[in-house]
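Asks: Structure of the sequence below:
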Amino acid sequence: MSYLIPAEFVTKMVDAGESKIFMSTRDTLIRAYMAGAILALAAVFAVSITVQTGSPIFGAILFPVGFCMLYLLGFDLLTGVFVLSPLAWLDKRPGVTLKGILRNWGLVFVGNFLGALTVAVMMSVVFTYGFSVPPDAVGQKLASVGEARTLGYAKYGFAGWMTIFIRGMLCNWMVSTGVVGAMISTSVSGKVIAMWMPIMLFFGMTFEHSVVNMFLFPSGLIMGGNFSIMDYFIWNEIPTVLGNLIGGLAFTGLTLYSTHIRTAPKRTF
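Replies: Prediction:
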């Protein structure tokens, strides 16, 4: 399946990070918007399957279809640029600055959020027949997820906040591995297989993904979930974003870069 060795695909990671930093504002927003929207549709798909079958594992097995679609189309998730953009700075690529990295992260966050929010509003119309009837079973499930993953953490105070943070770290360890998977092969089948495995794992383990949550929680609020916008940001989105940043960069980006690009000198006997 046209596998690339690590030194080759890690170089592609650095090249991709550099490209994203210098991308125009328009293109960055469009690609981020579409990524957020497609991932949100995949989340609806997974929740719908869970409700229909009564088994979350089936939703986890099929959720990666959205991730594969958006990366094959060249769109960008916040969780991906958290890992790729800093590598271009570490590699001392000309013109790459910390300001440029933060600009890229900010634009991708905005684009992802708007895309996910668009799908949240559109699916809310679908779940309620234009807000003329109470939410269907999937809408009710989204409302309960929103409550459980905000107020459910809040009742534990700082321990709950740290739990979300750690789950965010674990999430982007796997999700960023999926991002790397898109570069690990030159064939579509190879890319899909490499992306599918870690994405299925993170969703099946219910780790916290900042972009998926940009759909789940606004949708849950629209569906009548008993939590507030501040609950969503304080008890989910903020610790999840921070966990995604540190987990993806520490466990995927820096480890691959340090051992396959900045390799240590070989031992001498």
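
Asks: counting contacts, what elements does the helix or strand hosting Glu147 pack onto?
Replies: Here Glu147 sits within helix 137-148, counting by DSSP states H and E. Other elements packing on helix 137-148 under the criterion 3 or more C-beta pairs under 8 Å, 6 or more residues apart in numbering; DSSP states H and E are helix 25-53, helix 98-128, helix 210-222. Heads up, the C-betas are built off the backbone N, CA and C, glycines and all.

Asks: What segments of the stretch 151-269 of the chain are helices?
Replies: 151-154, 158-181, 188-204, 210-222, 229-232, 238-248, 254-260 (DSSP state H, counting those that start in this stretch).

Asks: could I get those as TSV with mean neighbour count, mean pLDDT and distance to Phe113?
Replies: Shown next, in TSV, are the helices of the stretch 151-269 of the chain (neighbours: other C-beta atoms under 10 Å; pLDDT from 0 to 100; distance: least, C-beta to C-beta, whole Å):
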stretch	mean neighbour count	mean pLDDT	distance to Phe113
helix 151-154	18	94	21
helix 158-181	22	97	16
helix 188-204	19	97	20
helix 210-222	27	96	5
helix 229-232	16	96	12
helix 238-248	23	98	11
helix 254-260	16	96	26
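
Asks: Please tell me how far the residue lying closest to His209 once chain neighbours are set aside sits from Gly248.
Replies: Spatially, and ignoring its direct neighbours in sequence, His209 is nearest to Cys171 (5.0 Å; C-beta to C-beta, 6 or more residues apart in numbering). For Cys171, the distance to Gly248 (C-beta to C-beta, to the nearest Å) stands at 8 Å.

Asks: what residues are shared contacts of these two?
Replies: Shared contacts of Cys171 and Gly248 (C-beta atoms under 8 Å, 6 or more residues apart in numbering): Thr79.

Asks: so what's Asn226 up against?
Replies: So Asn226 contacts Ala143, Glu147, Leu151 (C-beta under 8 Å, 6+ apart).

Asks: hmm, I was thinking of Val44
Replies: Applying C-beta under 8 Å, 6+ apart, the residues near Val44 are Val119, Met123, Val138, Phe215.

Asks: Now render those residues as TSV, adding distance to Val108.
Replies: Converted to TSV, these look like this (distance: C-beta to C-beta, whole Å):
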residue	distance to Val108
Val119	17
Met123	22
Val138	28
Phe215	15
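
Asks: out of those, which is most surrounded?
Replies: Greatest neighbour count in the contacts of Val44, by other C-beta atoms under 10 Å, goes to Phe215: 29 neighbours.

Asks: just to revisit the earlier point, ok, the residue nearest to His209 touching Gly247?
Replies: Yes. Using C-beta atoms under 8 Å, Cys171 and Gly247 qualify as a contacting pair, with a distance of 6.8 Å.

Asks: Minimum distance to Lys20: which of the helices of the stretch 151-269 of the chain has it?
Replies: Closest approach to Lys20 among these (C-beta to C-beta): helix 158-181, 11.5 Å.
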